[in-house]
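Novice: sequence and predicted structure, then a few things I'm wondering about:
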Amino acid sequence: MTDDSIIETGIEGLDSMLKGGVPIKNQTIIAGGPGAGKTLLCLEILYNNAKRGIPGVFISMEEDPGHIVRNFKKAFPDFSDIDTLIEKKIIVIDGQDPSSKIMGTSDYERYTFGTIVSDIENEILKNNAKIVVIDSLSMLSLVLTDKVNYRKSVLALIANFNRLGVTSFLTYELDSSERTNLKFEADFFLFDGLITLYQSSQEDRRAFLTEIVKMRGVDHSHALVPYEITSQGIKVYSIN
Ligand SMILES: Nc1ncnc2c1ncn2[C@@H]1O[C@H](COP(=O)(O)OP(=O)(O)OP(=O)(O)O)[C@@H](O)[C@H]1O
Ligand SMILES: [Mg+2]
């Protein structure tokens, strides 16, 4: 892959809004409220790429890997061959290390951001991964007791991904599902890309809407468009 290559998300409407896909080595935040589809979207991107032989690693900071795969297959019955891709290690879902160490009280103090970064690097190298998902960055930020160094640490994580030549997607929990309440968190400025998922409350239901707030190096669409979680995958109804 050359430096001007792209990673397609494999989600037609989203790729068309991105004029093809995400530039390689771009590090992107997928932000949304609870249940917006952040985890499913990121795993679908890995799945779509794995089908084309591009290996990826999913680092789960919260949910058990078995749980994630079960939910993915329940939501997307057509993608049940994900099991084969996991068996062949084209997709690796890692949830034992580092997340269990963070959760385990005895290791909490010892387990620093630095060790997490090096564990993630080991997973990338071991699997020759080209795409990495971290689910979620919000959880990762909790292990940083020293908030002053948080920004420096995130920059180090991004620099590490760049050095390893990977393209990453990091989920981020928004405290509101409404677009009008979107606050530009300091984290958002550090990353190359920001894609937001909103569940806007309407009279009797929530409307699912998405937009690309930024994607460095791409003349992307600025439209706010509907999306849907369907049994055939996430659909983005792009209008550009
Ligand atoms: N079979 C299905 N058909 C349609 N929608 C589904 C199906 N299964 C799950 N969903 C939708 O997907 C949502 C969960 O998606 P996902 O776990 O990716 O969200 P998330 O943004 O990661 O949430 P969290 O912040 O809790 O981690 C559910 O709330 C539901 O709306
Ligand atoms: Mg999730």
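Specialist: Yep, it's here. Ligands and ions are numbered 1, 2, ... in the order given.
Novice: quickly check: stretch 70-84 near ligand 1 or not.
Specialist: Yes. Against ligand 1, stretch 70-84 shows contacts by C-beta under 6 Å from any ligand atom at 74, 75. C-beta here means a position set from N, CA and C on the backbone, and glycine is covered the same way.
Novice: just the helices in this protein please.
Specialist: Using DSSP state H, the helices found in the chain span residues 12-17, 38-50, 65-75, 82-87, 99-103, 105-108, 113-127, 137-142, 150-164, 186-190.
Novice: just put the ones you listed in CSV and tack on mean neighbour count.
Specialist: Below are the helices of the chain laid out as CSV (neighbours: other C-beta atoms under 10 Å):
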stretch, mean neighbour count
helix 12-17, 20
helix 38-50, 24
helix 65-75, 15
helix 82-87, 15
helix 99-103, 17
helix 105-108, 10
helix 113-127, 17
helix 137-142, 18
helix 150-164, 16
helix 186-190, 14
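Novice: and ligand 2, which of the ones you listed is closest to it?
Specialist: helix 38-50 (3.3 Å; C-beta to the ion).
Novice: find the nearest non-adjacent residue to residue 206, please.
Specialist: residue 199 (4.2 Å; C-beta to C-beta, 6 or more residues apart in numbering).
Novice: wait, that neighbour sits on residue 179?
Specialist: No. Taking contacts as C-beta atoms under 8 Å, residue 199 lies outside contact range of residue 179: 9.9 Å.
Novice: higher neighbour count, these two?
Specialist: Each of residue 199 and residue 179 has its neighbours counted (other C-beta atoms under 10 Å); residue 199 has more, 20 against 15.
Novice: wait, what's in contact with that one?
Specialist: 32, 33, 35, 36, 177, 206, 207, 208, 209 (C-beta atoms under 8 Å, 6 or more residues apart in numbering).
Novice: burial of the third one, as a residue count?
Specialist: Look at residue 35: counted by other C-beta under 10 Å, it has 14 neighbours.
Novice: show me the contacts for it.
Specialist: Contacts here follow C-beta under 8 Å, 6+ apart; on that basis residue 35 touches residue 199.
Novice: check the first one too.
Specialist: The contact partners of residue 32, taken as C-beta under 8 Å, 6+ apart, are 38, 171, 172, 173, 174, 177, 196, 197, 198, 199.
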